[in-house]
Every structure is written in C-alpha cells, then in structure tokens.
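> Attaching a predicted model along with its sequence, questions to come.
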Amino acid sequence: MHLDIRDIYKDVKKYMGQEVILQGWIRNHRKQKEFGFISFYDGTYFSNVQLVYDNKLKDFEQIQKLHIGSAITVTGVLVESPKSEQEFEIQVKDIILEGDCPEDYPIQPKQHSREFLREVAYLRPRTNLFQAVFRVRSVAAKAIHDYFQDRGYVYFHAPLITSSDCEGAGEMFQVTTLDLDRIAKSGKVDYSKDFFAKKASLTVSGQLEAETFALAYKKVYTFGPTFRAENSNTKTHANEFWMIEPEMAFCDLDGDMNVMEDMLKYIVKYVLENCKSEIEFFDKFVENGLIEKLTKLANSKFTRITHEEVITILKNADKKWEFEPNYGEDIAKEHEKYITEYFDGPVFITDWPKDIKAFYMKQNPDGKTVAAVDLEVPGAGELMGGSQREEDYQKLIARMKELNMSVEGMEWYLNLRKFGGCTHSGFGMGFERLLIYLTGVENIRDVIPYPRTPGNCDF
C-alpha cells in the first residue's frame, strides 16, 4: 500500500509487518560490502525512516550507486528495529530510481551555514532545519486562521495595491506603468497618465481598509503580505513580510489587549502541541530552553503598564543605559529587555506619547498621549502593536492637519466616523517576528521562504 511517512508514525503498530510503498528522497546513504542503509524522507513528517537492504536483492549493485538527493520509490516491509533509538525500519524489497542527483548536489549530509543555504534557498527546505522552520510556519498560519474563524471573525483580503499610506512614513514601493526612462529625461511625472490615474504603491498595512469591514461585520482580520521600502539590513527587517491585523468594532483598548493576549497564547499552545518534533529539534540545536520559554509564555499573566510608568522604572533602575530613557520618547531594545525581565513575563505598554505614534490612534484626554499599546515579550522585545482608533471625526481631521497629511483621497476613511461610527480597535503582528520567537531562528531571512531585503530579490 502507498503511504506517507506521516501515516506510519501516526500508527506504527497498524502497519508493522506489512508491505508498504513510500516515495521520497535520499538524505544519506551508508554503503557496506554486503548491505546498506538509506536515510529516507518524504517531507510529510519531520523524522526520517531508515531503509535497510542487503546483497540478496537482485538490484543490490544498482541500489548501492544511488546518490544523496535522488528521488526514489521504495517497496519494503515495516519491521521492528534492533536499534533502541528507533522503533522501526523498512526492510527493502525493491527501489525504483525516479530522479537521479549528481554527486555535486549542494545539500550533502554535513553542517551547512545558514548564509550558504540562503544562496541555494530553493534547496534549503530539504535540510532538517528548514523542514522544521517551514512546517512551523504552516502550522502557525493554520492556528491563526483557526483562532479567528472559530470566534466569528471574517477573513478580509486587504488590497496589495493602494493609494493611501497607513503609517504616514512614506516608505512605500511605487507601482507604475509609466516609462521611467522618458520621465528621467523630461523630469516630469503625470500621474493622470499612469495605470490607476493616480500615484499608487504596495501596501504597508491593510488596517485602514480592514476598519471599513469591521464597521460592517464587527470582527474581521487580515493575514497577508505587506511591503516596506525601508533600507534596513537588520536581522528583524525585510521588505516583504506577512502581517496579521484584526479589527474589532465596539472594542476599546482593554478589549484589544484581551484579544492580543488570548490569540498569542492560543498560537503558542497550538504549535507546541502540533509541532512537537520540530520544537524539540529547535530546543536542542537552535535555542536551548525554547520549550520552557514558550510554555512559560502560554501560562503567563501579561502585565499592563503605561509608557510613563515604564520610563519611571527605567530611570530608577540601577543600570547604565546605552540610550537614556526619556518621557515622551520611544524606548530602545535594551529597555524592552529590561522591562520584561523586571516583570518576569510579557508586558503591555500603553498610553504612548502621541508625537511618536500614527495619526489614526485615539487621543487621550491628557492631550499628550494616545490609546496605543505595544506587547513586549521576553527574549524578543516588541511582538505586537495596536491601538484604539480615533472615532471622533473632528479630532481625526485636526490630527491629520497637525501632521501635514492631505485629507484629499482619505475621505472614505474619515467618513467612517460620520456614517455610524463607534469605538473600535485593532492590532498588528508581523508573522515572521512571531516565527522567530517560536523557532529561536533569529534572522528573518531564515523564516521566509524567499526573503526580499535591500539588494536581494533572487528566486
């Protein structure tokens, strides 16, 4: 019978002693004079299967010539293994070569640097590390959809091409069909002649459009790619990445934090339960203590504290800072680390200075802060950011003018405050930031199948 390796590991006793047919690839091949061992995988399960063959097979000599990386179909009997470290092995009856692989195949059974594997990113899913990373990526994505779908959220597909800059930072990739060479010569740009008859860009966030659907469905979420034309080469920045952005009507900042905490705990628990082999691998070879870290987060009570209170704690700390903490200013990585250690767990920092936050955030009565929140988690720093949205039409317009933002073209967003507006909130979480936290793999380039970073658009 045709099986996936996953089927066998789910119920070994069911198939013990039976003839099975498996299809996959050779990860390693150890040859001896009268017998041989093939480490075999098919991508359906993290663990390999050992194939054992001997010189009684008529094709023994041909099997011994099989190369690492080759695709094969195996017929054999599932038997108990004499080795204590594995429960079973396959006693080979026949192997058919489906696709040969030359001896200069880059993924040999040895230690490869992650930098080298990025150069052959189309092959790196065949390694143990990236088999585990991208399995966790898939399972975590399912957990996100399950969480929101089971709670009545509508999955909203935000447009990838937009004419609005949600964050107001101007770090957007422009989309155009205009002849750039002609523009360079003339020095003039006529956007009325462009494809959309106006300036258009790749989205940095689906939030603004998601708000329109939240005020129709009450609870929605986006989960898709976003883009930032930010020339940054850090381990946590990429120019194309995925975002999870829920929006909830009739929800204030406290309700927003409730969802943030509940969602994160759900995803962590789901991955711990459904990727046990992968998480154990990361804990052993990537980040020692990962399981303990994730388990602790899943059972933690998240602290809630204002930005002002955080700055006070930092200023009173018996510590020399590289970047001095100040009221009214953002906090640095070293501050994030200290505050999670101070409270021994995740921390919600609320009520941020309005001058360092986006235009759409609800202004607090003090006139200095906004109802914004960042979630800081131990070992990673900021993981999520959210806010209660400004529902007052006049205050929103005044804030946009204060920031020299054009109201033209944003009427649709402002009108939400006129046409049955209400208290509403939301947050955003970078999916790859979450994956870094879940796997211990610290570089964002290694949790995205094909990373897009400054100077890199390969594959």
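Nice, thanks for sending it over.

> Could you give the backbone dihedrals for A197?
phi 60, psi 20 (degrees, to the nearest 10).

> how many other residues sit next to it?
10 (other C-beta atoms under 10 Å). Using the backbone N, CA and C atoms, a C-beta is placed for each residue, glycine as well.

> Next, the contact list for it, please.
Y191 (C-beta atoms under 8 Å, 6 or more residues apart in numbering).

> Quick one, grab the pLDDT at it.
A197 carries a pLDDT score of 90 in this model.

> And it, how far from E341?
A197 sits 53 Å away from E341, going by C-beta to C-beta, to the nearest Å.

> can you pull the contacts of the residue lying closest to N239 once chain neighbours are set aside?
Leaving aside its chain neighbours, N239 sits nearest to R452 (4.7 Å; criterion: C-beta to C-beta, 6 or more residues apart in numbering). Counting by C-beta under 8 Å, 6+ apart, R452 makes contact with A238, N239, E240.

> Please enumerate the strands of the stretch 251-400 of the chain.
303-306, 347-353, 369-377, 381-388 (DSSP state E, counting those that start in this stretch).

> scratch that, the stretch 101-250 of the chain
According to DSSP E, counting those that start in this stretch, the strands that the stretch 101-250 of the chain contains are 154-155, 161-162, 174-175, 200-202, 219-227, 240-249.

> so where's the chain uncertain?
Applying pLDDT under 70 to the chain flags the ranges 166-170.

> Need the strands of the stretch 101-250 of the chain in TSV (columns: mean neighbour count and distance to N364).
Converted to TSV, these look like this (neighbours: other C-beta atoms under 10 Å; distance: least, C-beta to C-beta, whole Å):
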stretch	mean neighbour count	distance to N364
strand 154-155	14	30
strand 161-162	16	29
strand 174-175	14	35
strand 200-202	19	31
strand 219-227	21	25
strand 240-249	23	19
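
> looking at the strands of the stretch 251-400 of the chain, which is closest to K296?
K296 lies closest to strand 369-377 among these, at 10.4 Å (C-beta to C-beta).

> elements contacting the closest one?
When contacts are defined as 3 or more C-beta pairs under 8 Å, 6 or more residues apart in numbering; DSSP states H and E, strand 369-377 packs onto helix 253-274, helix 333-342, strand 347-353, strand 381-388.

> Convert that strand to PDB, retaining C-alpha atoms only.
C-alpha atoms of strand 369-377 as PDB (Å, rounded to 0.1, in the frame of the first residue of the first chain):
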ATOM      1  CA  THR A 369      -0.800  60.500  24.800                       C
ATOM      2  CA  VAL A 370      -2.800  58.100  22.600                       C
ATOM      3  CA  ALA A 371      -4.600  54.900  23.400                       C
ATOM      4  CA  ALA A 372      -1.900  52.800  21.900                       C
ATOM      5  CA  VAL A 373      -0.200  49.500  23.100                       C
ATOM      6  CA  ASP A 374       2.900  47.500  22.300                       C
ATOM      7  CA  LEU A 375       3.400  44.000  23.600                       C
ATOM      8  CA  GLU A 376       6.900  43.200  24.800                       C
ATOM      9  CA  VAL A 377       7.800  39.500  25.200                       C
END
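
> quick one, what contacts I313?
Contacts of I313 (C-beta under 8 Å, 6+ apart): I339, Y342.

> Oh, that last question was meant for D194, not what I typed.
T176, T177, L178, A200.

> Closest one of these to K219?
Taking C-beta to C-beta as the measure, K219 lies nearest A200 of these, at 29.2 Å.

> Bridged to the closest one, which residues?
V175 (DSSP bridges).

> and it, what does it touch?
So A200 contacts I161, T162, S163, Q174, V175, T176, D194 (C-beta under 8 Å, 6+ apart).

> Y122 now?
F459.

> Repeat that for D94.
Counting by C-beta under 8 Å, 6+ apart, D94 has contacts L57, D59, V74, T75, G76.

> The helix or strand containing it pairs with which strands?
Following DSSP states H and E, one finds D94 within strand 88-99. Neighbouring strands of strand 88-99 in its sheet, by DSSP bridges, are strand 49-54 (parallel), strand 71-80 (antiparallel).

> Compare these and give me the one nearest E245.
Comparing the strands paired with strand 88-99 by C-beta to C-beta, strand 71-80 comes nearest, at 40.1 Å.

> Pull the closest one out as PDB, backbone CA atoms only.
Extracted in PDB, the C-alpha atoms of strand 71-80 (Å, rounded to 0.1, in the frame of the first residue of the first chain):
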ATOM      1  CA  ALA A  71      14.000  10.700  -5.700                       C
ATOM      2  CA  ILE A  72      13.000   7.100  -5.200                       C
ATOM      3  CA  THR A  73      10.000   4.800  -4.900                       C
ATOM      4  CA  VAL A  74      10.600   2.100  -2.200                       C
ATOM      5  CA  THR A  75       8.800  -1.100  -1.600                       C
ATOM      6  CA  GLY A  76       9.500  -2.900   1.600                       C
ATOM      7  CA  VAL A  77       8.300  -4.400   4.800                       C
ATOM      8  CA  LEU A  78       7.900  -2.400   8.000                       C
ATOM      9  CA  VAL A  79       9.800  -4.300  10.800                       C
ATOM     10  CA  GLU A  80      11.000  -3.600  14.300                       C
END
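
> how about the contacts of D194, which pair is most distant?
L178 and A200 (10.9 Å).

> hang on, the earlier thing: now distance to F223 too, for the contacts of D194, in JSON lines please.
Output for the contacts of D194, formatted as JSON lines (distance: C-beta to C-beta, whole Å):
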{"residue": "T176", "distance to F223": "27"}
{"residue": "T177", "distance to F223": "29"}
{"residue": "L178", "distance to F223": "32"}
{"residue": "A200", "distance to F223": "23"}
